[in-house]
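Peer 1: Please work out how this folds:
(one chain, ligands or ions: 1)
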Amino acid sequence: MNPNLEKSLDQRLKQELPPPLSQAIPALGRMGEKLGLRVFLVGGFVRDLLLHRQILDIDIAVEGREGAARLALGFSRQEKILVQGYPHFGTATLHLPGNYRIDLATTRKETYPAPAALPRVRPGNIHEDLYRRDFTINSLALCLHPSEFGKMLDPFGGCLDLKRRRLRVLHPRSFSDDPTRIFRALRFEQRLGFRLAPDNLLLIRKALAANAISRLSGTRLLAEIKFSLSLPETAPLLARMGRLRILAGIDPSLKFGPETARVTRSLQKSLQWFGTAAGAGNFPGFEPWVANLIALTANLPEKKLEHFVARLAPSAKVRKKIAWDRTRGKMAREMLEANPRMKKSLIFSQLHQFPPEAILFLEAQTQKEPARKALRFFLHGQAFTKPETDGQDLKRLGIPPGPLYREILARLRDLKMNGETRTKKQELEWVRKQYGPHLRNHH
Ligand code: ATP
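Peer 2: Residues are numbered from 1 along each chain as shown. Down below sits the predicted model:
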């Protein structure tokens, strides 16, 4: 890795970014010079550029009073593009042609009035702005000022840590100041394939011993849990959170034993499968992280689960899913395991009461292939088939409209699902036979 980008930044930008962005970035540096502002690329951008990873967000820090707003305004006038300002936060977003965006923020410093509280924010210089960040690898800046274009600011040894694939906070109080960094650290470990420095593991242990996580608000904790359970690497992440006693720091009753390890690993594959399954569209509200949360809390006693959910205070929809009927779920799974040739319509009647996330959990949990197949049949959405016949057809047959229609159509769906009928003709024949007495012109 070559951290010295003074000669090559322009070239690298052209290699890694589409033209509207690779042109806008140096232009922002020039505009900054005109306005007397110092402009830097910061955060994940610099890290990912040096790691040759795909760049997702473009974050620019602007040093100078109301720097972000002034730079954004100047640039949007010059280029005739849209800008959105958030003066209260000292940030602005530029919207470039092609649906690209660049986020600008005025450099600031942060102090923590109390551990785990939200920080107090004041204007600060670029050094202070880098010092408020989480890890050394995220505390690098690249200067965009024309006379120093591509100069790297690396006050905390981030380049060396990138080379050694190591995560390190900037000061010993960092994890207690903001315990969400504990979660961020573990996610970066998995996503980047990095490791926390050994002394940083000790810092996490110290923060946990001081109950750092319990001081986080439910909303912030929920957000971290949601991110952590949404990764393709969630299974190894959870295993590490178990080993480092971070799960216990979230809630002492959360255990990560071998069975949870097996199920979360299996669930990871199931989620991948489900993401590409033809029937996934039948479950529009499906949330992968909820499936992982269901697996993580599968063995919590009822009261403890309630306590845990109350602490996170999720939306009513998520709350309802987590509180699914686990006893009946277990019964359904055992029934499928014991009767591999169960009729499809019976499988449907067993499963449709559960949230799809719970069904995927059961699918990951079972070790019996036929039961897994049955659960996948449901998740494939084949179970949501509709009969060929509709209400109009029943009316034409002379059946008086009423609640009976629902029953007939449901039974027709079951027949189709089980492969007992294939055509509309067969369905209508079946209706005539079964419901003859209801036909108006039967006699
Ligand atoms: P990615 O977008 O790939 O997840 P990122 O580093 O851009 O990585 P963001 O969450 O977008 O992550 O944060 C942007 C930058 O803001 C980070 O690089 C980091 O410098 C800083 N940051 C984010 N969260 C924190 C935090 N809790 N404490 C300190 N700095 C943070």
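Peer 1: Would you mind splitting this structure into its domains for me?
Peer 2: What automatic domain parsing lists as the domains of the chain is 9-164, 255-383, 391-442.
Peer 1: In this structure, which residue sits nearest the ligand?
Peer 2: Residue nearest to the ligand within the chain: Gly44 (2.5 Å; Cβ to the nearest ligand atom). No exception for glycine: its C-beta is placed from N, CA and C like everyone else's.
Peer 1: Surely that residue is in contact with Leu56?
Peer 2: Yes - taking contacts as Cβ atoms under 8 Å, Gly44 lies within contact range of Leu56: 7.0 Å.
Peer 1: between these two, which one's more packed in?
Peer 2: Comparing Gly44 with Leu56 by other Cβ atoms under 10 Å, the one with more neighbours is Gly44, at 18 against 8.
Peer 1: Return the residues in contact with that one.
Peer 2: Residues in contact with Gly44 (Cβ atoms under 8 Å, 6 or more residues apart in numbering) are Ile55, Leu56, Asp57, Asp59, Asn138.
Peer 1: which of those residues count as buried?
Peer 2: When the contacts of Gly44 are checked for burial by 16 or more other Cβ atoms under 10 Å, the buried set is Ile55, Asp59, Asn138.
Peer 1: and those near the ligand, which?
Peer 2: Among the buried ones among the contacts of Gly44, the residues lying close to the ligand (Cβ under 6 Å from any ligand atom) are Asn138.
Peer 1: can the buried ones among the contacts of Gly44 go into TSV with extra columns for secondary structure and pLDDT?
Peer 2: Putting the buried ones among the contacts of Gly44 into TSV (DSSP: H, G, I helix; E, B strand; the rest coil; pLDDT from 0 to 100) gives the following:
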residue	secondary structure	pLDDT
Ile55	coil	90
Asp59	strand	97
Asn138	helix	98
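Peer 1: Show the backbone phi and psi for the residue lying closest to Leu203 once chain neighbours are set aside.
Peer 2: Of all residues not flanking Leu203 in the chain, Phe175 sits nearest, at 5.3 Å (Cβ to Cβ, 6 or more residues apart in numbering). With angles defined as degrees, to the nearest 10, Phe175 sits at phi -70, psi -30.
Peer 1: How about the residues of the stretch 1-150 of the chain by the ligand?
Peer 2: Gly43, Gly44, Leu56, Asp57, Arg133, Asp134, Asn138.
Peer 1: what sits against the third one?
Peer 2: Shown here is Leu56, whose contacts under the criterion Cβ under 8 Å, 6+ apart are Gly44, Asp48.
Peer 1: isn't there a strand covering it?
Peer 2: No - using DSSP: H, G, I helix; E, B strand; the rest coil, the secondary structure at Leu56 is coil, not a strand.
Peer 1: So which residues of the stretch 51-200 of the chain form helices?
Peer 2: Taking DSSP state H, counting those that start in this stretch as the criterion, the stretch 51-200 of the chain contains helices spanning 67-79, 126-131, 158-164, 174-177, 180-192, 198-209.
Peer 1: Can you tell me which of the ones you listed is most buried?
Peer 2: A comparison of the helices of the stretch 51-200 of the chain by mean neighbour count, using mean count of other Cβ atoms under 10 Å, puts helix 174-177 on top with a mean of 24.
Peer 1: now for that one, which elements pack on it?
Peer 2: Contact here means 3 or more Cβ pairs under 8 Å, 6 or more residues apart in numbering; DSSP states H and E; on that basis helix 174-177 packs against helix 180-192, helix 198-209.
Peer 1: now these in TSV, with mean pLDDT and distance to the ligand?
Peer 2: Formatted as TSV, those follow (pLDDT from 0 to 100; distance: least, Cβ to the nearest ligand atom, whole Å):
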stretch	mean pLDDT	distance to the ligand
helix 180-192	98	5
helix 198-209	98	13
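Peer 1: mind putting those in TSV, distance to Phe156 included?
Peer 2: Shown next, in TSV, are those (distance: least, Cβ to Cβ, whole Å):
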stretch	distance to Phe156
helix 180-192	14
helix 198-209	13
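Peer 1: out of those helices, nearest to Leu237?
Peer 2: helix 180-192 (4.9 Å; Cβ to Cβ).
Peer 1: Distance from that closest one to the middle of the chain?
Peer 2: Chain-centre distance of helix 180-192: 14 Å, with Cα atoms, centre = their mean, to the nearest Å.
Peer 1: elements contacting it?
Peer 2: Where contact means 3+ Cβ pairs under 8 Å, 6+ apart, helix 180-192 is packed against strand 166-167, helix 174-177, strand 195-196, helix 198-209, helix 218-228, helix 234-243, helix 246-250.
Peer 1: hmm, 10 Å instead?
Peer 2: With contacts taken as 3 or more Cβ pairs under 10 Å, 6 or more residues apart in numbering; DSSP states H and E, helix 180-192 sits against helix 44-51, strand 166-167, helix 174-177, strand 195-196, helix 198-209, helix 218-228, helix 234-243, helix 246-250.
Peer 1: which helices and strands does the helix or strand of the chain with the lowest mean pLDDT pack with?
Peer 2: The helix or strand of the chain with the lowest confidence, counting by mean pLDDT, DSSP states H and E, is helix 344-351 at a mean of 86. When contacts are defined as 3+ Cβ pairs under 10 Å, 6+ apart, helix 344-351 sits against helix 326-338, helix 356-365, helix 369-379, helix 404-417.
Peer 1: Next, count neighbours for Ala105.
Peer 2: Ala105 has 20 nearby residues by other Cβ under 10 Å.
Peer 1: wait, I meant Asp48
Peer 2: 17.
Peer 1: Identify the residues contacting the nearest residue to it once chain neighbours are set aside.
Peer 2: Nearest residue to Asp48, sequence neighbours excluded (Cβ to Cβ, 6+ apart): Ile55, at 5.0 Å. When the contact criterion is Cβ atoms under 10 Å, 6 or more residues apart in numbering, the partners of Ile55 are Leu13, Glu16, Leu17, Leu21, Gly44, Phe45, Val46, Arg47, Asp48, Leu49.
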